[in-house]
Structures are given as C-alpha cells and as structure tokens.
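Undergrad: need a structure here:
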Amino acid sequence: MTTRFAQLRPLSRQWISLSGWAVLFLGGCASRGSMDLLEAEIRQTEDALHQAESQRKSLEFQLVEAHRETALLRTQLVSTTGNAPLPEQTGNLVRLSGLSINTLLSGGKDRDGHPGDEVLVTLVAPIDQQGDLVKIAGEVEIEAYDMSRPGDKLVGRWTFTPAEAAQAWHSGFVGAGLQFELPWQTPPSSPELVVHARLRTEDGRQLDTSTKLKVAPVPGTIPPVSIAPQAIQPVKFDTSRTPPRNIPTALDHHLPPASQLVPNYEDVEGAPDVNVRPFPNSAIPPSTYKPRPAPPSLDGVQTSDSWTDETIPRLR
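TA: Numbering: from 1, shown residues only. Below you'll find the predicted structure:
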C-alpha cells in the first residue's frame, strides 16, 4: 500500500501543475480580450466627445448670430415705430414665416335663425416654417370675393389694427388664431366665396393667404345676370325712297302666264271610246270558256262515318 501511494503522489502533482498552467493561460486570454473591448469603448467615447464639441461650437456661433440679428431688429423697430418690442415678441417675429386660414373654423354663420348667413367667420393663423402656430398680432386685412358677380367681384373688405387683432385671438380644441366675425357689406349670391387674408407685422413684412369658404346666401338675393352684347346687329334699310323692282328669275321664263291654264287630257285628245274594238272590222271570237268540272260526289259510298257493325270491314 505504501508503495502504491508513493507512485500516485507524482501523478497528482503533475495534474495540479497542469491545471494551474491552464488557469493562467485562460486568464491571460480573457484579460487580453477585455483590454481590447475597453480600448474600443474608449475610442468610441472620444469620437462622441469630438462630435459634441463640434456641435457645441456650431450652436454657439448660431446663438451669436441670433443675438446680433435680434439686436439689429430691435434697433430697426425702435427707429420705425418708436417702441421697443418685448423679447418674446421679437422671437415670434423671427419665427413667423407664413399665414393660413383654418377652414374648419371659418365660413358663414347664421345669427338670427332664419335661412341664410349674416356674417362671415374667418380664423387666420400665423405659422412658422414647420407649420406650427405663432402667437403674434399685427395689422390684419380680410377681403371676400364673389366670383359669380359680373364686374366688381369684391363683396367686403375689413381692416383691423394690431390692438384689435390682439383682442381677437382665439384658442380652442380644433384650432387657434385670429378669429373675426365679419358682417356682410354686400350680401353674396354665390354659396362659395374666395377669402384673402393679409397680415402686416411690426417689422414691415407682409404675409398673404387665400382660400375658398362655404356660405349660405340670404334668400331673395338674386344673382346678377350679365347680358352679353350681340355680336351681329341687324342692319335697317330705308325702303321708303326706293320703289320696289320686279327682278325676273330663271323660273319666270319657263312658267306660263297666270291667266293661262293647263289644258286637261280630254280637251287635247278626247275621251276614249269604250266601244272601240281592238282591231277594226274584226268580229269578236266566240268565248272558249268552259266551266270547271265539279269534284265527284261520295254519295252511295260507304265511308267510316256511315259504317255499322254489319258493314265494318274485318281482317280475314
């Protein structure tokens, strides 16, 4: 037993040493892989820092330009109007780039409950380049046109000062903007009007937009009818001074006079004689007509209609 245990001890020591070397080898590979991953993450972080730094510098430059433009704009407004706008108003002026009419909250409105609309409701919305609403006011002018009218098609023009426009600001669930109720200056006869809105800001810019709105014309408003001038006018001749002339035509040379009548056939050749024979001095041949012989009679012949039990034929 002692000898056997003495032989097993070197083997166990060899296995232990091999296991140690394997652990050290695997640990070295794992540490090298971790170092590679760590270095890759560091490089990515450095790239992100460089990009953030460049964006920061670009934003700082844009901010400086915006401050410079704002200061220049305030200086121009002070020299033009004599009043310096608030900073938030200046920011809205810079953002403002367009105008739109909300068709969901615009159109004809019936006030008295009778057929027909008495006012025109228009919601004008200032917007920026992305189409977002910009809360700003200015001088507003609205025009309505009835395209079915001949000549002047303008049926109303309404103008509002910046203070009046600021009081007309409306904010609701469907939309927001400058909402105006405009009584008719000239009642329209068409159910569709072309509405044009114009906004003049404090910095001197002018924004325009147009759209079509539906209205209900007041009953009894007859659309004007335009009478087109005749392209060809009849020419009147004075025939009292010139006597009428009889102009002969080609038919007059071939027609008989009015007093001359066309003779009848009997007057020219006489009526035909019904007793005239086809050939003179010839006698009428005797008639050769023979009556058609009558069909033979069946009297006395036994037929199926007159058969009796004694006379009926029988098969032999």
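Undergrad: my read: Trp169 touches Gly177, true?
TA: Yes: in this structure, Trp169 is within contact of Gly177 by Cβ atoms under 8 Å, at 7.4 Å. Where C-beta positions appear, they are placed from N, C-alpha and C, glycine not excepted.
Undergrad: and those two? which has more neighbours close in?
TA: Legend: neighbour count by other Cβ atoms under 10 Å for Trp169 and Gly177, higher for Gly177 (25 against 13).
Undergrad: The more buried one pairs with what?
TA: Counting by DSSP bridges, Gly177 forms beta bridges with His170.
Undergrad: Return the distance of it relative to Ala165.
TA: From Gly177 across to Ala165, the span is 10 Å (Cβ to Cβ, to the nearest Å).
Undergrad: Please apply the same query to Gly220.
TA: When distance is defined by Cβ to Cβ, Gly220 is 34 Å away from Ala165.
Undergrad: do the same with Leu105
TA: Going from Leu105 to Ala165 by Cβ to Cβ gives 16 Å.
Undergrad: Which parts of the stretch 51-200 of the chain are helices?
TA: Counting by DSSP state H, counting those that start in this stretch, the stretch 51-200 of the chain has these helices, from start to end: 87-95, 162-167.
Undergrad: which stretch in the ones you listed is the model least sure about?
TA: For these, mean pLDDT drops lowest on helix 87-95, to a mean of 58.
Undergrad: Nearest spatial neighbour of Thr161, chain-adjacent residues omitted?
TA: Glu139 (6.3 Å; Cβ to Cβ, 6 or more residues apart in numbering).
Undergrad: Can you name the residues that contact that neighbour?
TA: Shown in contact with Glu139 (Cβ atoms under 8 Å, 6 or more residues apart in numbering): 159-162, 165, 199-200.
Undergrad: can you pull the pLDDT of it?
TA: Taking Glu139 on its own, its pLDDT is 92.
Undergrad: Begin at 28, not 1, for the rest of this chat.
TA: New numbering, starting at 28: the last item is Glu166.
Undergrad: beta partners for it?
TA: Beta-bridge pairing for Glu166 (DSSP bridges): Arg227.
Undergrad: Report the separation between Thr188 and Glu92.
TA: Taken as Cβ to Cβ, the span from Thr188 to Glu92 is 33 Å.
Undergrad: Same question for Asp235.
TA: Remark: distance between Asp235 and Glu92 (Cβ to Cβ) = 28 Å.
Undergrad: Over to Arg227?
TA: Relative to Glu92, and taking Cβ to Cβ, Arg227 is found at 26 Å.
Undergrad: where does the stretch 178-327 of the chain have low pLDDT?
TA: 248-327 (pLDDT under 70).
Undergrad: go again using 50 as the cut-off
TA: For the stretch 178-327 of the chain, applying pLDDT under 50 flags the ranges 254, 278, 285-286, 292.
Undergrad: Residues contacting stretch 186-206, please?
TA: With contact meaning Cβ under 8 Å, 6+ apart, stretch 186-206 is reached by 129, 131-132, 148-153, 160, 162, 164-169, 207, 229.
Undergrad: CA atoms only for that stretch - export them in PDB, please.
TA: This file holds the C-alpha atoms of stretch 186-206, laid out as PDB (Å, rounded to 0.1, in the frame of the first residue of the first chain):
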ATOM      1  CA  THR A 186     -59.300  96.100 -41.700                       C
ATOM      2  CA  PHE A 187     -58.100  95.700 -38.100                       C
ATOM      3  CA  THR A 188     -55.400  97.400 -36.100                       C
ATOM      4  CA  PRO A 189     -52.700  95.400 -34.200                       C
ATOM      5  CA  ALA A 190     -54.500  96.100 -30.900                       C
ATOM      6  CA  GLU A 191     -57.900  94.900 -32.400                       C
ATOM      7  CA  ALA A 192     -56.200  91.900 -33.800                       C
ATOM      8  CA  ALA A 193     -54.600  91.000 -30.500                       C
ATOM      9  CA  GLN A 194     -58.000  91.100 -28.800                       C
ATOM     10  CA  ALA A 195     -59.400  88.700 -31.500                       C
ATOM     11  CA  TRP A 196     -57.000  85.900 -30.500                       C
ATOM     12  CA  HIS A 197     -58.900  82.600 -30.200                       C
ATOM     13  CA  SER A 198     -57.600  79.300 -28.700                       C
ATOM     14  CA  GLY A 199     -59.700  76.200 -28.900                       C
ATOM     15  CA  PHE A 200     -59.500  72.400 -29.200                       C
ATOM     16  CA  VAL A 201     -59.800  72.400 -33.000                       C
ATOM     17  CA  GLY A 202     -57.500  75.400 -33.700                       C
ATOM     18  CA  ALA A 203     -56.200  78.700 -32.600                       C
ATOM     19  CA  GLY A 204     -55.500  82.100 -34.300                       C
ATOM     20  CA  LEU A 205     -57.000  85.500 -35.000                       C
ATOM     21  CA  GLN A 206     -60.800  84.900 -35.300                       C
END
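Undergrad: Show me what counts as buried in that stretch.
TA: 187, 189, 192, 195, 202-206 (16 or more other Cβ atoms under 10 Å).
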